[in-house]
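Here is the input, now give the coordinates:
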Amino acid sequence: MKLKKQITNAISNAITYLLWLFFIANLSYLVYSYPNIPQWVYNDILKINGFTILIWTLVTFFSALIGSYGKNYLKGFKYHSKFSILCFGFTLSIMTFVMSNHIILLLITWLLMGVFMSMIIGVDSRWGEAKEAAKFALKYFLAGSIFLGTGMFLLAFSTQSYTLSEILLKVDALPKYLTIISGLFIITAAIIQSAIYPFHRWLLSAMTAPTPASALMHAGFVNGSGILLALFSTVLFASNTLIILFVIGGLTAVIAQFTKLIQVNVKQKLACSTIAQMGFMIMQCGLGLFNAAVVHLILHGFYKAYLFLSSGEAVRQEKPKKPLYITIKPIQALIVLFFGVCGALMFSFSTGKGLGLNSSIFLTLIVAITVGQVTYNIVKEQSLTLLQKAFLPPILFMSGIITYALMYNFVTALMISMPMVAEPLPLSALEVGFGVVFLIGFFMMKLGAYRRYPWLYVKLMNITQPYKKTILMYKSK
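Model (predicted):
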């Protein structure tokens, strides 16, 4: 038994050290070669560019971090080495997916990502709920792979090309109905993996997985749809299906934020938060800002990995709280509005977006709301002095926006060889109308208006219920 534990620990440690080695190598090459990272192609099967190295750096970092965390968290766990091997396989599948140029390899690695993730969810074969969650999630992942395969092969047969680079060059010559059908299939595959409504239940049901598995799932797996949509951005532009992403992503972002507020379980709160963030990422893709979506998935990965790995501390510190009702004085409203506008202007010019009336205005508006919300939290804080309230908002939003702008420009430079990753769309009546609906929903959530409608609470609670067999259906032996 002692020898078996030593072997298990040795395997887990070796995999973790190897992942850290991969991360250091990728990061070193990224820093050394930036911004002129050469593109390398092997027999039209593999293609490595700056975007590839960026994703490799991210996924190896998260996998290595979670492996290191698991050394203590999973110490003594019977399936620790199995968990490490599955995480390594999952990491390799993402790395291969992002450099795949042949559509068959692209589809195989997309499917493998789902298979490995389902096995990670159900890593403890003794736990009935986890096994059911794994099977439930795998059904969604298989469905997503079928949709992706159908969309890609329809494009391949129509263009008589089986590499992604050749398909994207010929897609504009295809009949409109073919690109629309293919675009819809690819979009469906993406929103299934990101747990966008109505495909969100697999993520809510997968919270039975160990916390390191949840961290990997939320920091790495669900973000994969942003990568997929960026790779097929040309198809989405040609098919005029971006508006679908915009509407579905926006609705999901608002609904998931509502559902987050009514959860009492920490991991379910985090799951709803992830669904909301994925909705916002999909919404950015729908605006034609795929580079902004990639920046968002990077920031979300860091943020959500931290939240899951520190969720145990959150449980210990959580105390019942009365609902918070927002009240704001006229002078506070003016301060919030002033700093919100300043933050929006600074964001527009630091990222090179300017003030053009196109789809990027929605992203600028979100920044203004975020800055305004942070400002409100500061000005209403009674423990702060008047001087602190005057200087804290600009310090915070300037540092935040400068950091975001640097990352935005960094990612954009790495994606420069990819077509149509930063193409803001002209504003349409539908986008403006939905933007108004999005803002109304956002402020209803912030103002707590939903508390006045019991039927809405019940509806939100019902749509966030996990699959019934993943909740206390099996007696512990």
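
Where does the prediction get shaky in the stretch 51-200 of the chain?
For the stretch 51-200 of the chain, not a single residue meets the criterion pLDDT under 70.

could you pull out the helices for it?
For the stretch 51-200 of the chain, applying DSSP state H, counting those that start in this stretch gives helices covering 80-99, 103-121, 128-159, 164-170, 176-193.

Adding mean neighbour count and distance to V458, write these out as JSON lines.
The way it works is simple: take the backbone N, C-alpha and C, and place the C-beta from them, glycine included. Shown next, in JSON lines, are the helices of the stretch 51-200 of the chain (neighbours: other C-beta atoms under 10 Å; distance: least, C-beta to C-beta, whole Å):
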{"stretch": "helix 80-99", "mean neighbour count": "22", "distance to V458": "37"}
{"stretch": "helix 103-121", "mean neighbour count": "22", "distance to V458": "29"}
{"stretch": "helix 128-159", "mean neighbour count": "20", "distance to V458": "24"}
{"stretch": "helix 164-170", "mean neighbour count": "18", "distance to V458": "45"}
{"stretch": "helix 176-193", "mean neighbour count": "22", "distance to V458": "25"}
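
can I get the ones you listed in CSV with distance to I255?
Converted to CSV, these look like this (distance: least, C-beta to C-beta, whole Å):
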stretch, distance to I255
helix 80-99, 28
helix 103-121, 24
helix 128-159, 19
helix 164-170, 33
helix 176-193, 14
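
how close does F302 sit to A213?
For F302, the distance to A213 equals 18 Å [C-beta to C-beta, to the nearest Å].

Between the two, which is the more surrounded one?
When neighbours are counted by other C-beta atoms under 10 Å, F302 and A213 differ, and A213 comes out ahead with 29 against 14.

in the host helix or strand of that one, what's buried?
Using DSSP states H and E, A213 sits within helix 211-216. Across helix 211-216, burial judged by 16 or more other C-beta atoms under 10 Å covers 211-216.

how close does A209 sit to D124?
Separation of A209 from D124 (C-beta to C-beta) stands at 9 Å.

Overlap in contacts, the two.
A130 (C-beta atoms under 8 Å, 6 or more residues apart in numbering).

neighbour count winner among the two?
Set A209 next to D124 and count neighbours by other C-beta under 10 Å: A209 wins out with 27 against 20.

my read: the more buried one touches I121, true?
Yes: between A209 and I121 a contact is recorded at 4.4 Å, counting by C-beta atoms under 8 Å.

Now for these two: what residues contact both?
In contact with both A209 and I121: 130, 133, 217, using C-beta under 8 Å, 6+ apart.

Could I get the contacting residues of the second one?
With contact taken as C-beta under 8 Å, 6+ apart, A133 is in contact with 121-122, 205-209, 466-467, 470.

separation between the closest residue to S350 other than its chain neighbours and T252?
Spatial nearest neighbour of S350, excluding adjacent residues (C-beta to C-beta, 6 or more residues apart in numbering): A405 at 3.8 Å. As judged by C-beta to C-beta, A405 and T252 stand 26 Å apart.

and what of I55?
23 Å.

Looking at the helices of the stretch 51-200 of the chain, spot the one closest to N291.
helix 80-99 (15.3 Å; C-beta to C-beta).

what packs against the closest one?
On a contact count with 3 or more C-beta pairs under 8 Å, 6 or more residues apart in numbering; DSSP states H and E, helix 80-99 meets helix 2-33, strand 46-48, helix 50-73, helix 103-121, helix 211-216, helix 224-231.

OK, contacts around the spatially most central residue of the chain?
For the chain, the residue nearest the mean C-alpha position is N223 (3.7 Å; C-alpha atoms, centre = their mean). Going by C-beta under 8 Å, 6+ apart, N223 touches 194, 278, 281, 297, 300-301.

repeat that with 6 Å
Shown in contact with N223 (C-beta atoms under 6 Å, 6 or more residues apart in numbering): 297, 301.

and what of S182?
Residues counted as contacts of S182 (C-beta under 6 Å, 6+ apart) are 151, 154-155.

give me that answer again for 10 Å
150-156, 158, 167, 171, 174, 232, 235-236, 238-239, 241 (C-beta atoms under 10 Å, 6 or more residues apart in numbering).

okay but A256 is in contact with M281, surely?
No: counting by C-beta atoms under 10 Å, M281 is not a contact partner of A256; they are 12.0 Å apart.

looking at this, V41 is in a strand?
Yes: assessed with DSSP: H, G, I helix; E, B strand; the rest coil, V41 lies in a strand.

could you list every residue that touches it?
47-49, 99, 101, 163, 165.

hmm, back to that, out of the helices and strands packed on helix 80-99, the one nearest C342 is which?
helix 224-231 (29.3 Å).

centre of the chain versus the helix or strand just after the closest one, how much separation?
The helix or strand immediately downstream of helix 224-231 is helix 233-239, counting by DSSP H and E. Helix 233-239 has its C-alpha centroid displaced from the chain centroid by 21 Å (C-alpha atoms, centre = their mean, to the nearest Å).

which non-adjacent residue is nearest T274?
That would be H218: by C-beta to C-beta, 6+ apart, it lies 4.8 Å from T274.

got the contact list for the one you found?
62, 195, 203, 206, 267, 270-271, 273-275, 277-278, 300-301, 303-305, 307-308.

need the contact list for the nearest residue to A189 once chain neighbours are set aside.
Computed as C-beta to C-beta, 6+ apart, the closest residue to A189 that is not its neighbour in sequence is L148, at 3.7 Å. L148 sits next to 103, 106-107, 110-111, 185-190, 192-193, 228, 232 when contact means C-beta under 10 Å, 6+ apart.

quick one: average pLDDT of the particular helix or strand that has I282 in it?
In this structure, I282 sits in helix 266-286 according to DSSP H and E. Average pLDDT, helix 266-286: 84.

Now do it against helix 176-193: the angle between them, please.
160 degrees (axes from the mean of the first three to the mean of the last three C-alpha atoms, to 10 degrees).

what is the orientation angle of helix 266-286 with helix 224-231?
On the basis of the same axes, to 10 degrees, helix 266-286 is oriented at 10 degrees to helix 224-231.

from the chain's centre, how far out does helix 266-286 sit?
So, by C-alpha atoms, centre = their mean, the centroid of helix 266-286 is 7 Å from its chain's centroid.

tell me the mean pLDDT for the next helix or strand after that helix?
Later in the chain than helix 266-286, the nearest helix or strand by DSSP H and E is helix 290-309. The pLDDT scores in helix 290-309 average 83.

quick one: buried residues of stretch 198-208?
199-208.

Could you identify the most distant pair in these?
F199 and T208 (18.5 Å).

Phi, psi for I196 please.
phi -80, psi 140 (degrees, to the nearest 10).

Most tightly packed of the helices and strands packed on helix 80-99?
helix 211-216 (a mean of 26; mean count of other C-beta atoms under 10 Å).

and that helix, what other elements does it pack with?
helix 50-73, helix 80-99, helix 103-121, helix 266-286, helix 290-309, helix 311-317 (3 or more C-beta pairs under 10 Å, 6 or more residues apart in numbering; DSSP states H and E).
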